[in-house]
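Peer 1: Okay, structure incoming, though there's no sequence with it:
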Ligand SMILES: Nc1ncnc2c1ncn2[C@@H]1O[C@H](COP(=O)(O)OP(=O)(O)OP(=O)(O)O)[C@@H](O)[C@H]1O
(Lines give C-alpha, C1' and ligand atoms only; values in the text may rest on other atoms or scores of the structure.)
Protein backbone atom coordinates (compact mmCIF):
# COMPACT_ATOMS: atom_id res chain seq x y z
CA UNK A 1 0.00 0.00 0.00
CA UNK A 2 1.28 3.42 -0.96
CA UNK A 3 1.45 5.85 1.97
CA UNK A 4 2.97 8.80 0.10
CA UNK A 5 3.14 9.64 -3.58
CA UNK A 6 4.37 12.63 -5.56
CA UNK A 7 3.23 13.16 -9.13
CA UNK A 8 5.27 15.25 -11.58
CA UNK A 9 6.51 17.32 -8.66
CA UNK A 10 8.63 20.33 -9.56
CA UNK A 11 10.27 23.15 -7.62
CA UNK A 12 11.96 26.29 -8.87
CA UNK A 13 13.71 28.94 -6.80
CA UNK A 14 13.50 31.91 -9.15
CA UNK A 15 15.12 30.64 -12.35
CA UNK A 16 16.82 27.72 -10.61
CA UNK A 17 15.09 24.41 -11.30
CA UNK A 18 15.75 22.35 -8.16
CA UNK A 19 13.27 19.48 -8.72
CA UNK A 20 11.86 18.31 -12.01
CA UNK A 21 9.08 15.83 -12.63
CA UNK A 22 9.63 13.80 -9.46
CA UNK A 23 7.38 10.74 -9.20
CA UNK A 24 8.12 9.20 -5.84
CA UNK A 25 6.23 6.33 -4.22
CA UNK A 26 6.68 5.37 -0.58
CA UNK A 27 5.13 2.10 0.60
CA UNK A 28 3.65 1.66 4.06
CA UNK A 29 6.05 0.00 6.49
CA UNK A 30 9.21 0.34 4.42
CA UNK A 31 12.47 2.15 5.02
CA UNK A 32 13.20 4.12 1.88
CA UNK A 33 16.75 5.42 1.49
CA UNK A 34 17.05 8.68 -0.42
CA UNK A 35 20.53 9.37 -1.74
CA UNK A 36 22.17 11.75 -4.19
CA UNK A 37 24.99 14.27 -4.47
CA UNK A 38 25.06 17.55 -2.52
CA UNK A 39 22.55 19.96 -3.99
CA UNK A 40 20.55 17.19 -5.74
CA UNK A 41 17.34 18.44 -4.12
CA UNK A 42 16.80 15.86 -1.35
CA UNK A 43 16.05 18.32 1.45
CA UNK A 44 13.92 20.43 -0.88
CA UNK A 45 11.83 17.37 -1.74
CA UNK A 46 11.26 16.70 1.96
CA UNK A 47 10.46 20.38 2.56
CA UNK A 48 7.78 20.13 -0.14
CA UNK A 49 6.29 17.00 1.44
CA UNK A 50 6.16 18.70 4.86
CA UNK A 51 4.65 21.75 3.13
CA UNK A 52 7.44 24.04 4.30
CA UNK A 53 7.91 25.54 0.85
CA UNK A 54 5.67 26.34 -2.14
CA UNK A 55 5.10 23.74 -4.84
CA UNK A 56 5.91 25.00 -8.35
CA UNK A 57 4.11 22.14 -10.12
CA UNK A 58 2.70 18.69 -9.43
CA UNK A 59 0.86 16.94 -6.62
CA UNK A 60 1.62 15.28 -3.31
CA UNK A 61 -0.72 12.61 -1.92
CA UNK A 62 -0.55 11.26 1.63
CA UNK A 63 -2.69 8.18 2.28
CA UNK A 64 -4.54 8.97 -0.93
CA UNK A 65 -5.36 12.56 0.06
CA UNK A 66 -4.01 15.53 -1.88
CA UNK A 67 -1.94 17.58 0.58
CA UNK A 68 -0.74 20.42 -1.67
CA UNK A 69 -2.81 22.96 0.22
CA UNK A 70 -2.19 21.71 3.74
CA UNK A 71 -0.29 23.75 6.29
CA UNK A 72 2.79 22.34 8.00
CA UNK A 73 0.99 21.89 11.34
CA UNK A 74 -1.81 20.00 9.56
CA UNK A 75 0.79 17.69 8.01
CA UNK A 76 2.15 16.98 11.51
CA UNK A 77 -1.32 16.15 12.79
CA UNK A 78 -1.82 13.84 9.80
CA UNK A 79 1.16 11.79 10.96
CA UNK A 80 4.24 13.05 9.11
CA UNK A 81 7.22 14.04 11.27
CA UNK A 82 10.77 14.89 10.33
CA UNK A 83 14.16 15.53 11.77
CA UNK A 84 16.33 18.33 10.44
CA UNK A 85 19.85 18.09 9.03
CA UNK A 86 21.02 20.87 11.32
CA UNK A 87 19.82 20.12 14.83
CA UNK A 88 18.41 23.25 16.43
CA UNK A 89 16.92 22.56 19.85
CA UNK A 90 14.90 25.34 21.48
CA UNK A 91 17.20 27.36 23.71
CA UNK A 92 16.19 27.77 27.34
CA UNK A 93 14.20 24.51 27.30
CA UNK A 94 15.48 21.25 28.79
CA UNK A 95 15.82 18.08 26.74
CA UNK A 96 12.46 16.89 28.10
CA UNK A 97 10.72 20.19 27.31
CA UNK A 98 12.12 20.15 23.78
CA UNK A 99 10.57 16.73 23.21
CA UNK A 100 7.29 17.85 24.79
CA UNK A 101 6.96 20.42 21.98
CA UNK A 102 6.65 17.47 19.58
CA UNK A 103 3.87 15.96 21.71
CA UNK A 104 1.80 19.16 21.42
CA UNK A 105 2.15 19.45 17.65
CA UNK A 106 1.90 15.84 16.51
CA UNK A 107 -0.79 13.24 15.96
CA UNK A 108 -1.20 12.52 19.69
CA UNK A 109 -2.18 16.14 20.14
CA UNK A 110 -1.41 16.45 23.87
CA UNK A 111 -3.86 18.76 25.63
CA UNK A 112 -2.05 19.23 28.94
CA UNK A 113 1.54 19.56 30.12
CA UNK A 114 1.23 16.29 32.04
CA UNK A 115 0.03 14.46 28.95
CA UNK A 116 2.86 15.93 26.85
CA UNK A 117 5.35 14.93 29.54
CA UNK A 118 4.22 11.29 29.47
CA UNK A 119 4.51 11.16 25.69
CA UNK A 120 7.94 12.86 25.77
CA UNK A 121 9.25 10.51 28.49
CA UNK A 122 8.24 7.51 26.38
CA UNK A 123 10.04 8.96 23.33
CA UNK A 124 13.18 9.68 25.38
CA UNK A 125 13.09 6.11 26.67
CA UNK A 126 12.90 4.72 23.12
CA UNK A 127 16.01 6.64 22.00
CA UNK A 128 17.89 6.03 25.29
CA UNK A 129 18.04 9.65 26.43
CA UNK A 130 16.04 9.51 29.67
CA UNK A 131 19.10 10.21 31.85
CA UNK A 132 19.67 13.50 30.04
CA UNK A 133 16.09 14.75 30.33
CA UNK A 134 16.83 17.71 32.61
CA UNK A 135 19.91 18.90 30.77
CA UNK A 136 20.33 21.88 28.48
CA UNK A 137 20.44 20.47 24.90
CA UNK A 138 23.29 22.72 23.73
CA UNK A 139 25.77 20.98 26.06
CA UNK A 140 24.95 17.51 24.72
CA UNK A 141 27.45 15.81 22.41
CA UNK A 142 26.37 15.55 18.75
CA UNK A 143 25.17 11.91 18.99
CA UNK A 144 22.82 12.81 21.85
CA UNK A 145 21.56 15.93 20.07
CA UNK A 146 20.68 13.70 17.10
CA UNK A 147 18.82 11.39 19.49
CA UNK A 148 16.98 14.39 20.90
CA UNK A 149 15.90 15.33 17.37
CA UNK A 150 14.71 11.77 16.85
CA UNK A 151 12.81 11.78 20.18
CA UNK A 152 11.09 15.07 19.31
CA UNK A 153 9.92 13.56 16.02
CA UNK A 154 8.80 10.35 17.77
CA UNK A 155 6.78 12.33 20.32
CA UNK A 156 4.70 13.44 17.34
CA UNK A 157 3.64 9.79 16.98
CA UNK A 158 4.41 9.68 13.25
CA UNK A 159 3.17 7.19 10.71
CA UNK A 160 5.75 8.54 8.28
CA UNK A 161 9.08 9.66 9.69
CA UNK A 162 11.54 11.63 7.56
CA UNK A 163 15.13 11.43 8.75
CA UNK A 164 17.37 14.09 7.23
CA UNK A 165 20.96 12.96 7.76
CA UNK A 166 20.61 11.82 11.35
CA UNK A 167 23.87 9.89 11.01
CA UNK A 168 26.17 12.74 10.00
CA UNK A 169 29.00 13.28 12.45
CA UNK A 170 28.53 10.04 14.38
CA UNK A 171 31.31 7.52 15.12
CA UNK A 172 30.98 3.85 14.03
CA UNK A 173 29.61 2.71 17.42
CA UNK A 174 27.05 5.52 17.48
CA UNK A 175 26.11 4.69 13.88
CA UNK A 176 25.45 1.07 14.79
CA UNK A 177 23.32 2.15 17.77
CA UNK A 178 21.16 4.54 15.79
CA UNK A 179 20.76 2.05 12.93
CA UNK A 180 19.39 -0.45 15.43
CA UNK A 181 17.01 2.16 16.79
CA UNK A 182 15.75 3.00 13.31
CA UNK A 183 15.11 -0.68 12.58
CA UNK A 184 13.15 -0.90 15.86
CA UNK A 185 11.00 2.05 14.73
CA UNK A 186 10.24 0.16 11.54
CA UNK A 187 9.18 -2.82 13.68
CA UNK A 188 6.76 -0.50 15.46
CA UNK A 189 5.11 0.06 12.09
CA UNK A 190 6.57 3.48 11.27
CA UNK A 191 7.33 4.11 7.60
CA UNK A 192 10.68 5.86 7.20
CA UNK A 193 12.34 7.97 4.53
CA UNK A 194 16.05 8.29 5.35
CA UNK A 195 18.16 10.88 3.57
CA UNK A 196 21.71 9.76 4.09
CA UNK A 197 25.22 10.08 2.72
CA UNK A 198 26.64 7.27 4.86
CA UNK A 199 26.32 4.34 2.44
CA UNK A 200 26.94 1.72 5.13
CA UNK A 201 23.75 2.95 6.79
CA UNK A 202 21.73 3.10 3.58
CA UNK A 203 22.78 -0.44 2.70
CA UNK A 204 22.13 -1.64 6.26
CA UNK A 205 18.64 -0.31 6.85
CA UNK A 206 16.90 0.39 3.53
CA UNK A 207 14.30 -1.86 1.95
CA UNK A 208 14.49 0.28 -1.19
CA UNK A 209 16.68 3.12 -2.33
CA UNK A 210 15.92 6.02 -4.67
CA UNK A 211 18.55 8.27 -6.19
CA UNK A 212 18.06 11.95 -6.87
CA UNK A 213 20.46 13.69 -9.25
CA UNK A 214 20.12 17.27 -10.47
CA UNK A 215 16.51 17.33 -9.28
CA UNK A 216 15.44 14.13 -11.02
CA UNK A 217 14.93 10.59 -9.76
CA UNK A 218 17.43 8.60 -11.81
CA UNK A 219 17.17 5.17 -10.21
CA UNK A 220 15.22 3.11 -7.70
CA UNK A 221 15.44 -0.45 -6.47
CA UNK A 222 16.89 -2.73 -3.82
CA UNK A 223 20.07 -1.32 -2.23
CA UNK A 224 22.43 -3.68 -4.08
CA UNK A 225 20.69 -3.01 -7.42
CA UNK A 226 21.03 0.73 -6.99
CA UNK A 227 24.69 0.45 -5.98
CA UNK A 228 25.49 -1.44 -9.14
CA UNK A 229 23.63 0.90 -11.45
CA UNK A 230 26.17 2.53 -13.82
CA UNK A 231 24.29 5.87 -13.82
CA UNK A 232 24.35 6.00 -10.01
CA UNK A 233 28.03 5.08 -9.88
CA UNK A 234 28.77 7.82 -12.40
CA UNK A 235 26.61 10.50 -10.72
CA UNK A 236 27.19 9.78 -7.06
CA UNK A 237 28.98 6.73 -5.77
CA UNK A 238 32.10 6.65 -7.94
CA UNK A 239 33.94 3.55 -9.16
CA UNK A 240 35.80 3.00 -5.91
CA UNK A 241 32.52 2.36 -4.14
CA UNK A 242 31.30 -0.03 -6.81
CA UNK A 243 34.48 -2.11 -6.45
CA UNK A 244 34.36 -2.07 -2.66
CA UNK A 245 30.62 -2.61 -2.22
CA UNK A 246 30.13 -0.60 0.96
CA UNK A 247 31.91 2.65 1.80
N1 LIG B 1 15.66 28.62 -0.14
C2 LIG B 1 16.40 28.44 -1.24
N3 LIG B 1 16.58 29.43 -2.14
C4 LIG B 1 17.31 29.23 -3.26
N5 LIG B 1 17.91 28.08 -3.57
C6 LIG B 1 17.79 27.06 -2.70
C7 LIG B 1 17.03 27.17 -1.50
N8 LIG B 1 17.07 25.98 -0.84
C9 LIG B 1 17.83 25.15 -1.59
N10 LIG B 1 18.26 25.80 -2.71
C11 LIG B 1 19.08 25.23 -3.78
O12 LIG B 1 18.42 24.07 -4.23
C13 LIG B 1 19.36 23.05 -4.58
C14 LIG B 1 19.01 21.78 -3.85
O15 LIG B 1 19.29 21.96 -2.46
P16 LIG B 1 18.94 20.85 -1.38
O17 LIG B 1 19.36 21.38 -0.05
O18 LIG B 1 17.54 20.42 -1.54
O19 LIG B 1 19.91 19.67 -1.82
P20 LIG B 1 20.32 18.35 -1.03
O21 LIG B 1 20.25 17.24 -2.01
O22 LIG B 1 19.51 18.22 0.21
O23 LIG B 1 21.85 18.65 -0.67
P24 LIG B 1 22.74 18.21 0.60
O25 LIG B 1 23.05 16.75 0.41
O26 LIG B 1 23.95 19.07 0.46
O27 LIG B 1 21.95 18.50 1.85
C28 LIG B 1 20.75 23.62 -4.29
O29 LIG B 1 21.26 24.14 -5.48
C30 LIG B 1 20.44 24.71 -3.29
O31 LIG B 1 21.43 25.73 -3.37
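Peer 2: Nice, I can see it. Predicted, not measured: the structure shown is a model, and the values here were computed from it.
Peer 1: who in the chain is up against the ligand?
Peer 2: Taking Cβ under 6 Å from any ligand atom as the criterion, the neighbours of the ligand within the chain are 13, 16, 18, 36, 38, 39, 40, 41, 42, 43, 44, 85. Where you see a C-beta, it was placed from the backbone N, CA and C, and this is true even at glycine.
Peer 1: go with 5 Å
Peer 2: The chain has residues 13, 18, 38, 39, 40, 41, 42, 43, 44 near the ligand, with proximity defined as Cβ under 5 Å from any ligand atom.
Peer 1: List only buried entries from those residues.
Peer 2: If you count burial by 16 or more other Cβ atoms under 10 Å, the buried members of the residues of the chain next to the ligand come out as 18, 40, 41, 42, 43, 44.
Peer 1: What is the burial count for the closest residue to the fourth one other than its chain neighbours?
Peer 2: Taking Cβ to Cβ, 6 or more residues apart in numbering, and ignoring the residues beside it in sequence, residue 42 has residue 195 as its nearest neighbour in space, at 4.8 Å. By other Cβ atoms under 10 Å, 26 other residues sit near residue 195.
Peer 1: Spell out the secondary structure type for residue 189.
Peer 2: When classified by DSSP: H, G, I helix; E, B strand; the rest coil, residue 189 comes out as coil.
Peer 1: That one: what's it in contact with?
Peer 2: When the contact criterion is Cβ atoms under 8 Å, 6 or more residues apart in numbering, the partners of residue 189 are 29, 159.
Peer 1: ok, it to residue 157 distance?
Peer 2: For residue 189, the distance to residue 157 under the criterion Cβ to Cβ, to the nearest Å works out to 11 Å.
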